[in-house]
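*Asks:* when you get a sec, could you give me coordinates for this:
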Amino acid sequence: MMIKKDLTGLRQEYAAVSLYEHTAHSNPFIQFANWLDQAIMAELPEPNAMTLASVDHHGKPHARVVLLKELDERGFVFYTNYNSNKGQELNRNPHAALVFLWLELHRQVRVEGLVEKVPENDSDTYFASRPVSSQLGAIASPQSTVIRSRDSLEKQFETIKATLTGKAIKRPDHWGGYRLIPDRFEFWQGRENRLHDRLLYVSGKDGWTISRLAP
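*Replies:* Numbers count the residues shown, from 1 in each chain. Next comes the predicted model:
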């Protein structure tokens, strides 16, 4: 069976707000926080969802969607299983990239930088704040490994649940947070006639420099 889809006629004209150097904040963290707040206020689904791209030991890129859980002047924090594919890739090569897409606002943000693990006490605090079912799921799932079936995973979950019911659930050592420390941001605002606004922030010894990129 051959599948062929012609999507050349699928397009949408962007006519949203503009993004100019003199109106954008000079600090990309504040500019990002402003856009994130607007996405939250617009009640977009999962406004903190971001695509995380990493590279394996063969130089092959891999991407998946994760959730931003903390943002401050140090960087972007997310949590995962350290033994997962992404965890192993980030441990070997800490260079990574994030992409946020807020379609309804015709906006995209790209963030690049180095990744490091957050302190263990930060991971402990976040893990303790999660619903018990999520805590048990983090323990039960050998993330990214091949499993026999859905049934075997659910049985493992129920076994762990029975074992830990009524007990304090400790964060497993193989689960915790990463922080991406940015050295590059790109803010994209969709505009009409495909003449989109793209502002690039690059970190240097004298702070952040802003440049406009052609769409």
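
*Asks:* just the helices in the chain please.
*Replies:* 28-41, 85-92, 120-129, 132-140, 150-164 (DSSP state H).

*Asks:* CA atoms of the last one as PDB?
*Replies:* When you say that, I think you mean helix 150-164. C-alpha atoms of helix 150-164 as PDB (Å, rounded to 0.1, in the frame of the first residue of the first chain):
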ATOM      1  CA  ARG A 150       0.800  -3.300  28.500                       C
ATOM      2  CA  ASP A 151      -0.600  -5.900  30.900                       C
ATOM      3  CA  SER A 152       2.900  -6.600  32.300                       C
ATOM      4  CA  LEU A 153       3.400  -2.800  33.000                       C
ATOM      5  CA  GLU A 154       0.100  -2.500  34.800                       C
ATOM      6  CA  LYS A 155       0.900  -5.600  36.900                       C
ATOM      7  CA  GLN A 156       4.200  -4.000  37.900                       C
ATOM      8  CA  PHE A 157       2.400  -0.800  38.800                       C
ATOM      9  CA  GLU A 158      -0.100  -2.700  41.000                       C
ATOM     10  CA  THR A 159       2.600  -4.700  42.700                       C
ATOM     11  CA  ILE A 160       4.500  -1.500  43.600                       C
ATOM     12  CA  LYS A 161       1.300   0.100  44.700                       C
ATOM     13  CA  ALA A 162       0.500  -2.700  47.000                       C
ATOM     14  CA  THR A 163       4.000  -2.700  48.400                       C
ATOM     15  CA  LEU A 164       4.100   1.100  49.100                       C
END
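
*Asks:* buried residues of it, list them for me.
*Replies:* The neighbour-count check on helix 150-164 (16 or more other C-beta atoms under 10 Å) flags 156-157, 160 as buried. For glycine as for every other residue, the C-beta is placed from the backbone atoms N, C-alpha and C.

*Asks:* repeat for the second one
*Replies:* Of the residues in helix 85-92, 85-90 count as buried by neighbour count, 16+ other C-beta under 10 Å.

*Asks:* beta partners for residue 66?
*Replies:* residue 50 (DSSP bridges).

*Asks:* going forward, begin numbering at 627 instead of 1
*Replies:* From this message on, residue numbering opens at 627, which makes the last subject residue 692.

*Asks:* correct me if wrong: it contacts residue 679.
*Replies:* No. Using C-beta atoms under 8 Å, residue 692 is not in contact with residue 679, being 10.7 Å away.

*Asks:* and the most centrally placed residue in the chain, what does it touch?
*Replies:* The centre of the chain sits closest to residue 676, judged by C-alpha atoms, centre = their mean, with a distance of 3.4 Å. By C-beta atoms under 8 Å, 6 or more residues apart in numbering, residue 676 lies in contact with 691-694, 702, 704, 724-726.

*Asks:* and which of these is nearest residue 801?
*Replies:* residue 704 (12.0 Å; C-beta to C-beta).
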